[in-house]
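> requesting a structural model of the entry that follows:
(one chain, ligands or ions: 3)
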Amino acid sequence: MAKWSDMTEPKILKVAVPVPLSGLFDYLPPRGVSDTELRPGCRVQVPFGRKQLVGVLVALETSSALPRSKLRAALQLLETEPVLDADLLALLVWASDYYQHPLGEVIDAALPRLLRQGRSASEMAKYAVATTAGFAADIAGMASRAPRQAELLGRIVGKPDGAALDDLAELDWDWRGALRSLVTKGLCEIQLQSAQGASNEAPPSKHEPGAGNRSELTLTEAQQEAVSTISAGLGAYQAFLLDGVTGSGKTEVYLRVISEVLARGRQALLLVPEIGLTPQLLARFEKRFDVNMAVLHSGLSDTERLAAWRGAASGDARLIIGTRSAVFAPFPDPGIVVIDEEHDGSFKQQDGFRYSARDLGIMRARRLDIPVVLGSATPSLESINNALRNRSKRLRLPERPGSVSHPQVRLLDMRAHASRQGLSTPLIAAISRHLESGGQVLLFLNRRGYAPALFCGACGWVAPCDRCDARMTLHMSSGRLRCHHCGRETGIPAVCGACADELAAVGQGTERMQETLHELFPKVNIARIDRDSTQRKGSMQKMLDDVQSGRTRILIGTQMLTKGHHFPDVTLVAVLNADQGLFGSDFRSNERFAQTLVQVAGRAGRAEKPGEVVIQTSYPEHPLLQRLISEGYGSFAEAALDERRQSRWPPFTHLAMLRAEAPGPEAPRRYLERAARLAKELAASMSSNVVQVLGPAPAPMEKRAGRYRAQLLLQCASRERFQAFLKSWAPELGQLEGARQVRWSLDVDPIELF
Ligand code: ADP
Ligand code: ZN
Ligand code: ZN
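Ligands and ions are numbered 1, 2, ... in the order given. Have a look, this model is predicted:
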């Protein structure tokens, strides 16, 4: 029953505001707006301090901790149709809680920038258009009497379609008042028009959704099984782990299942890693489906992003494909969530609101009660563990379609062979052999630049970065020394900085490898693919085209090569320096190393040309390598999970990392010591003392970009208890003494421990 006060007093708006403060802020409704128009998920413009900010209405309540007389009114309700529907808003509230990050900033991460700035969410936007009288008006004459009206009318007359109110919102004076006067005087009127950059650009809706499943392929038995199992599960939450070797046809499975989803009139959301969103992948989906797609990735302009967002929100786009932040895309007709290469690190946001798009994707599917498919040739140990515990259903694609044999993998002991700049004699011979028989060769070296260090043979000096605990990398093509951690650059010193003796480049990067290969195979076209060589727009595509056409015969590259590309004519793949990954300090290093190795090896050949894989190492007896090669990734993963269980690492325990940095080493340490003390007190006061506090300790690379970094690790075996603990600990972190002297951040479920 409504109380008397409910009927007389306006509701209180609980608003999430984009500021780094936790909690919601209370406002009174904007003047002239009734309670029924106020729906959670709508944006409201609010006064905040001396600023005006665009926030999101999260809830309406009847009371506030503050007296009503102290509350300010929201300035404006930006829409009556929520930009965040109830499902998405609930997911964001959950994520804010789980990751201990202010809701305002979580929402900020979920909305395109133009929406955060107040731009209209619908494709129809309000425009102020001049009337005939307005066009005829003497603006110069008006300027002395009503300067603002004159300025505004000038803007409106100056644009052929009139001025979008969204654009006027950027003005920092009361343009609304001036606009009202202009309308009253009959000089302009407000019209609804389709917003620029949205519907104008979007192609007209094509055929029936999902009409064209134009695939000629006959699915393998394993693919068929996967497709029918997932399709049978449409309409309810269930997690599937599609565990299939590279080239086994996982994408084909997604295509078939998505086709089924579209045919049922639902939308599909496909998340891919940062680097997996290639033109080839998009072309494959475009070719298959006669529906509009919304593509969301970090390379879009603000206008393009808003257009894609609107396409997804209106339901015009039936297929939404995107990288990490697309997990927050509008999804009004949810049918399925697919996460391709689910093991990929780029699904984790590493600054600000540190979320895992994979985990949120699963959570979103669960809340929407639709299936989620996680695909990978090298699933994360978390996902394998979930499958082993029946939290997800594992579907295996163990073979490439039509394949007769697996690539042959060989370890080359670098201690036993002569080598030239990192290329062993047997590898050089293998490259010649493959080139002669018409194959292509792919060489993986995860180090860009010419050489990782510039070294003085006389005194041992190595060119350091002044701002980091790191060495400068030599880049010959640009003639610079560069720090890969902070971006600092200098010229190349002529002589040693300590003893003025001569300097030598030690070790190999991709640039130097390309040079050596060119000396060895002068007639062969060699492409280098790394972050330096692909900076210009289109250069990556050009190089990939040359590989496809066969013009390029040798490819040398970093991690960039290992994702999202198939090179069907590559018959030899070589990992030039496996030792780089063998002795990592992080508990995940083994997993990452195994994934990289298997992913690189998977680039080789197609079914009828299985190819050869060569791994150069100085530790061929290393058990990790041995196991991977003789028994494969699945067996490695099970052994690695056992180790994790014994040493109590995730997924058997849960972690949170508090990081702090400052210009000096003392402040971060002292701040983290206080945070650790508080954590221990809280843990002790909880029903059972289950949270372990490890550290603080300096980060493995303590100094970076001129700042000293330290970290505190928290560990707990129970997710629920850990969440309860974090809920009371995290809000105190900003209040601790010394918090203002450091830059600190909390990372729940960190994937890197540095
Ligand atoms: P993945 O995503 O597992 O790497 P893809 O779906 O990209 O594998 O398939 C690899 C290649 O095999 C593609 O060229 C694809 O067209 C082809 N392919 C997939 N399924 C089949 C099939 N059932 N029969 C023949 N070729 C197939
Ligand atoms: Zn540096
Ligand atoms: Zn020297």
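
> skipping adjacent residues, who's closest to residue 559 in space?
Nearest residue to residue 559 in three dimensions, chain neighbours excluded: residue 446, at 5.6 Å (CB to CB, 6 or more residues apart in numbering). Any C-beta I mention is one placed from the backbone N, CA and C, and that applies to glycine too.

> and residue 634, by the same measure?
Closest residue to residue 634 apart from its sequence neighbours, by CB to CB, 6+ apart: residue 243 at 7.6 Å.

> part of a strand, is that neighbour?
Yes - when DSSP: H, G, I helix; E, B strand; the rest coil is applied, residue 243 is found to be in a strand.

> what bridges to it?
Counting by DSSP bridges, residue 243 is bridged to residue 376, residue 396.

> quick thing: my sequence starts at 36, can you match it?
I'll keep to 36 as the first residue from here, and by that count the last item is residue 278.

> any idea how many residues pack against it?
26 (other CB atoms under 10 Å).

> how about the contacts made by it?
Taking CB atoms under 8 Å, 6 or more residues apart in numbering, we find residue 278 in contact with 411, 412, 414, 419, 422, 429, 430, 431, 432, 669.

> leaving out the residues flanking it, which one is nearest to the most centrally placed residue in the chain?
Of all residues in the chain, the one closest to the mean position by CA atoms, centre = their mean is residue 359, 3.4 Å from it. Nearest residue to residue 359 in three dimensions, chain neighbours excluded: residue 392, at 4.3 Å (CB to CB, 6+ apart).

> so that neighbour sits right up against residue 362, yeah?
Yes - with contact defined as CB atoms under 8 Å, residue 392 and residue 362 form a contacting pair (4.3 Å).

> which residues are in contact with each of these two?
Common neighbours of residue 392 and residue 362 (criterion: CB under 8 Å, 6+ apart): residue 306.

> which of the two has more neighbours?
In terms of neighbours (other CB under 10 Å), residue 362 is the more surrounded of residue 392 and residue 362; the figures are 28 against 24.

> what sits up against the helix or strand containing residue 750?
Applying DSSP states H and E as the criterion places residue 750 in strand 742-751. Residues from elsewhere that reach strand 742-751 (CB under 8 Å, 6+ apart): 683, 688-700, 702-704, 707, 710-711, 714, 725-734, 736-738, 757, 760, 778, 788-789.

> out of the residues you listed, which sit inside helices?
Counted as lying in helices by DSSP state H, out of the contacts of strand 742-751, are 702, 703, 704, 707, 710, 711, 714, 757, 760.

> in terms of pLDDT, where does the fifth one sit?
Per-residue confidence (pLDDT) for residue 710: 97.

> swap in the last one?
According to the prediction, residue 760 has pLDDT 95.

> what is the burial count for the residue nearest to it when sequence neighbours are not counted?
Once flanking residues are discounted, residue 760 sits nearest to residue 726: 5.1 Å by CB to CB, 6+ apart. Residues lying near residue 726 (other CB under 10 Å) number 24.

> remind me which residues of the stretch 36-185 of the chain are low pLDDT?
Within the stretch 36-185 of the chain, the stretches with pLDDT under 70 are 36-43, 158-160.

> now tell me what touches the longest strand along the chain from outside.
In the chain, ranked by residue count with DSSP state E as the criterion, the top strand is strand 727-739. Identification of contacts with strand 727-739 by CB under 8 Å, 6+ apart yields 502-505, 520-521, 620, 694, 696, 700, 703-704, 707-708, 710-711, 714-715, 718, 743-751, 788-789.

> which PyMOL command selects the buried ones in those?
Applying 16 or more other CB atoms under 10 Å to those, the buried members can be selected in PyMOL as follows:
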select buried, resi 502+503+504+505+520+521+694+696+700+703+704+707+708+710+711+714+718+743+744+745+746+747+748+749+750+751+788
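
> after the helix-or-strand element of the chain with minimal mean pLDDT, which helix or strand is next?
Within the chain, no helix or strand scores below helix 39-43, which has a mean of 54 by mean pLDDT, DSSP states H and E. Next in sequence after helix 39-43, counting helices and strands by DSSP H and E, comes strand 47-51.

> closest to ligand 2 among the ones in helices among the contacts of strand 742-751?
Within those, proximity to ligand 2 (CB to the ion) peaks at residue 703, which comes in at 17.9 Å.

> tell me which residues touch that closest one, please.
With contact taken as CB under 8 Å, 6+ apart, residue 703 is in contact with 695, 696, 697, 731, 743, 744, 745, 777.

> ok, the third one touching residue 778?
Yes - taking CB under 8 Å as the contact criterion, residue 697 and residue 778 are neighbours in contact, 6.9 Å apart.

> the more surrounded of the two?
For residue 697 versus residue 778, neighbours defined as other CB under 10 Å are more numerous around residue 697 (20 against 14).

> can you pull the pLDDT of residue 232?
Note on residue 232: pLDDT of 38.

> before we move on, the earlier item: which of the contacts of strand 742-751 come close to ligand 1?
When CB under 6 Å from any ligand atom is applied, no member of the contacts of strand 742-751 is adjacent to ligand 1.

> give me the neighbour count for the closest residue to residue 679 other than its chain neighbours.
Of all residues not flanking residue 679 in the chain, residue 687 sits nearest, at 5.9 Å (CB to CB, 6+ apart). Residues within reach of residue 687, counting by other CB under 10 Å, total 14.

> what about the strand holding residue 750, near ligand 2?
No - using CB under 5 Å from the ion, strand 742-751 never reaches ligand 2; the gap is at least 10.6 Å.

> which SS state does the residue of the chain positioned farthest from its centre fall under?
Of all residues in the chain, residue 176 has its C-alpha farthest from the mean position, at 54.1 Å, by CA atoms, centre = their mean. When classified by three-state DSSP, residue 176 comes out as helix.

> how much space between it and residue 185?
Distance from residue 176 to residue 185, counting by CB to CB, to the nearest Å: 8 Å.

> for the stretch 686-789 of the chain, give me the ranges with low pLDDT.
The model of the stretch 686-789 of the chain has pLDDT under 70 over residues 722-724, 789.

> same thing but 50
Counting by pLDDT under 50, the stretch 686-789 of the chain shows no low-confidence range.

> next, count neighbours for residue 606.
Neighbourhood size, residue 606 [other CB under 10 Å]: 24.

> part of a strand, is it?
Yes - the assignment for residue 606 is a strand, going by three-state DSSP.

> got the phi and psi for the residue of the stretch 536-685 of the chain found nearest ligand 1?
Across the stretch 536-685 of the chain, no residue is closer to ligand 1 than residue 601, which sits at 6.5 Å (CB to the nearest ligand atom). Listed backbone geometry of residue 601 is phi -110, psi 140, with angles given as degrees, to the nearest 10.

> now the residue of the stretch 686-789 of the chain found nearest ligand 1, nearest residue through space, not along the chain?
Using CB to the nearest ligand atom, the single residue of the stretch 686-789 of the chain nearest to ligand 1 is residue 786, 23.3 Å away. Leaving aside its chain neighbours, residue 786 sits nearest to residue 383 (5.0 Å; criterion: CB to CB, 6+ apart).
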